[in-house]
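In: Need a 3D model of the following:
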Amino acid sequence: MMLFFEELMNFTGRWHPVMVHLPIGMLVIACVLALFSRKENYKNIGPAISLSLLFGSVAAIFACFTGYLLSLQGGYEQDTLNFHQWLGLAVAAISLFLYFLYKEGVRNSFIEKFKSKRVTLLFLMFILIGITGHFGGTLTHGKGYFKDALPTAIKTVVGIEDASEESVLLTNVQQAQVYSGIIQPILKQRCQSCHGEKKQEGGFALHDQAHLLKGGDGGTVLVANDLEKSELYARLILPEGHKKRMPPKGRKPITAEQIKLIGWWVKEGADFAKKSSDLAQTAEIKEILGKLEKGSEPTSPFEELPEAKKLPADFVQQLQAKGIKVLPIAGNSEYVTINAINYPEFKDQDLKDLLKIKDNIVQLKLGNTAITDQSLKMMAEFPNLMKLHLENTKITDLGLEHLNGHPALSYLNLFAVPVTDKGLEKLNKMPKLKQIYAYQTKATLASVENLRKISKQVLIDTGSYQLPFLASDTVRY
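Out: Numbering: from 1, shown residues only. This is a model prediction of the structure:
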């Protein structure tokens, strides 16, 4: 019987994210109605105000109850949780008090004293709802959830600076312990806000060796010498936009070089005591490790680009009018990502038009568009293009042949593209190519393995592995 009640409490607590929006809506409506009631034409809406406050306060009380039950399940930062709980209780108490202030026919001396202050109390309640929601968002999404998403221009005006990260600096990288000196600092920077000591989404934490080995609700996430079975690594290399990719959308992404370091450590045995010199190192890994020794943390490849030409504002407006997104890679950068997600009619001629800003484009997202092999003939004219998304297009082996030899392309997404072994074989002369996503293509495993042997630096992800289910998979970010 005790187990039943415990499970029932857990179930009831999980209704909090659903129920919490009802009091917010009802109480905000009450505030709006109260403001309108001060005008002559709306003096008769008093009963609607009290009714909204009644339903809102009752819903707020129930939201507090479910929130308390949810908090008992753990995994939340305690100080933030305390603020959220007490502010939520304050909203419930004030809204109930306001109900009596606005209810007609109440004859109580104590209530009468505060009727002249009810608009002030409404304003206070409105402010508290916003602050309570802020702490709720922080509990769910981590600190800086709202602040970090502000446009760079607004951050500059109000004086908000992006939080600086603890840089990885090693005096002698070859004598450093790989886990404690290299891997753990990366996990701390990129993963511990959701999977740390204070918050453990999916029951998984990686702030120390014991928890990392323990795994989460879905089981182990680290399998020595096996990248595909190690979910710690497998989720990092899923294509952009995939619902299981980590870090999730909206969080600061992990860099390609950091992913390579984690993959190197796992592939070489995921040992927690060995030094860098104890593990086999490819030329690429040696280069990345060298950056750590120089005091240069693995950076975005975009930072290596020269200063870009000024984007023509009128042309950018023409693209956006079509529905083509033009997204700067950084706040004040003239380098951009072109995304045709809202313009599926995008065709070869549209790509030809983009040659006007060919030097500014570092990423093309052309998935689900109408481009043909003719478009890929033009890719050589985009000298700084590093990432190309062609998923769900009709590109063929002939089109891929035009990509071979591209000097800057490092990422190629071919999901559900009808290319075969012949197409993949034509991608063996690309000096910067690091990753190909080839799930649901017509290429065979033999062809994939052959390309891996020829271009050892290329990671070819066929998407053929199965990830264990985690409770956190149901969380929306």
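
In: going forward, measure contacts and count neighbours with C-alpha atoms only.
Out: OK.

In: Excluding chain neighbours, what is closest to residue 425?
Out: residue 451 (6.5 Å; C-alpha to C-alpha, 6 or more residues apart in numbering).

In: I should have written residue 59 there, sorry.
Out: In space, residue 59 is closest to residue 23, 5.1 Å off (C-alpha to C-alpha, 6+ apart).

In: on that earlier part again, tell me the pLDDT of the residue nearest to residue 425.
Out: Looking at residue 451, its pLDDT reads 73.

In: Same check on the one 4 residues further on?
Out: With respect to pLDDT, residue 455 scores 68.

In: for the helix or strand encompassing residue 290, packing partners?
Out: Assessed by DSSP states H and E, residue 290 sits inside helix 283-293. Here helix 283-293 is seen to pack against helix 256-267 when contacts are counted using 3 or more C-alpha pairs under 8 Å, 6 or more residues apart in numbering; DSSP states H and E.

In: Any idea how many residues pack against the residue lying closest to residue 253 once chain neighbours are set aside?
Out: Take residue 253 and drop its neighbours on the chain: the residue closest to it by C-alpha to C-alpha, 6+ apart is residue 247, 6.0 Å away. Applying other C-alpha atoms under 10 Å, we find 15 other residues in the vicinity of residue 247.

In: Next up, the contacts around residue 368.
Out: Residues counted as contacts of residue 368 (C-alpha atoms under 8 Å, 6 or more residues apart in numbering) are 341, 344, 390, 391, 392, 393.

In: Regarding it, which helix or strand does it belong to?
Out: Using DSSP H and E, residue 368 falls outside every helix and strand.

In: Phi, psi for it please.
Out: Dihedral pair for residue 368: phi 60, psi 30, per degrees, to the nearest 10.

In: gap between the residue nearest to residue 425 and residue 211?
Out: Distance, residue 451 to residue 211, using C-alpha to C-alpha, to the nearest Å: 37 Å.

In: leaving aside the residues next to it on the chain, what's closest to residue 379?
Out: Distances taken as C-alpha to C-alpha, 6+ apart place residue 403 nearest to residue 379, at 6.8 Å, with adjacent residues excluded.

In: Hmm, the one you found is touching residue 374, no?
Out: No - counting by C-alpha atoms under 8 Å, residue 403 does not reach residue 374; the two are 11.4 Å apart.

In: quick one, which of these two is more surrounded?
Out: The neighbour count for residue 403 versus residue 374, taken as other C-alpha under 10 Å, is higher for residue 403 (19 against 16).

In: helix, strand or coil for that one?
Out: Here residue 403 is recorded as coil under DSSP: H, G, I helix; E, B strand; the rest coil.

In: what residues are up against it?
Out: Taking C-alpha under 8 Å, 6+ apart, one finds 376, 377, 379, 380, 427 in contact with residue 403.

In: count of neighbours near residue 10?
Out: Neighbour count of residue 10, defined by other C-alpha under 10 Å: 17.

In: Please identify the helix or strand for it.
Out: helix 2-13.

In: In the stretch 101-250 of the chain, where is pLDDT below threshold?
Out: Scanning the stretch 101-250 of the chain for pLDDT under 70 picks out the ranges 141-153, 155-171, 193, 197-200, 240-241, 249-250.

In: Now with 90, please.
Out: Along the stretch 101-250 of the chain, segments meeting pLDDT under 90 span 101-119, 130, 133-250.

In: same check, this time on the stretch 251-400 of the chain
Out: Residues of the stretch 251-400 of the chain meeting the criterion pLDDT under 90: 251-259, 270, 272, 283-309, 328-333, 341-342.

In: More neighbours: residue 451 and residue 211, which one.
Out: The neighbour comparison of residue 451 against residue 211 (other C-alpha under 10 Å) goes to residue 451, with 20 against 17.

In: From the chain's centroid, how far away is the helix or strand that contains that one?
Out: Following DSSP H and E, the helix or strand that holds residue 451 is helix 445-454. Relative to its chain's centre, helix 445-454 lies at 32 Å (C-alpha atoms, centre = their mean, to the nearest Å).

In: which parts of it are buried?
Out: The neighbour-count check on helix 445-454 (16 or more other C-alpha atoms under 10 Å) flags 447, 448, 451 as buried.

In: give me the number of residues near the closest residue to the first one other than its chain neighbours?
Out: For residue 447, the nearest residue in space outside its immediate sequence neighbours is residue 421; the separation is 5.4 Å by C-alpha to C-alpha, 6+ apart. Residue 421 is flanked by 18 other residues according to other C-alpha under 10 Å.

In: Let me see the contact set for residue 421.
Out: Counting by C-alpha under 8 Å, 6+ apart, the residues that residue 421 touches are 442, 443, 444, 447, 448.
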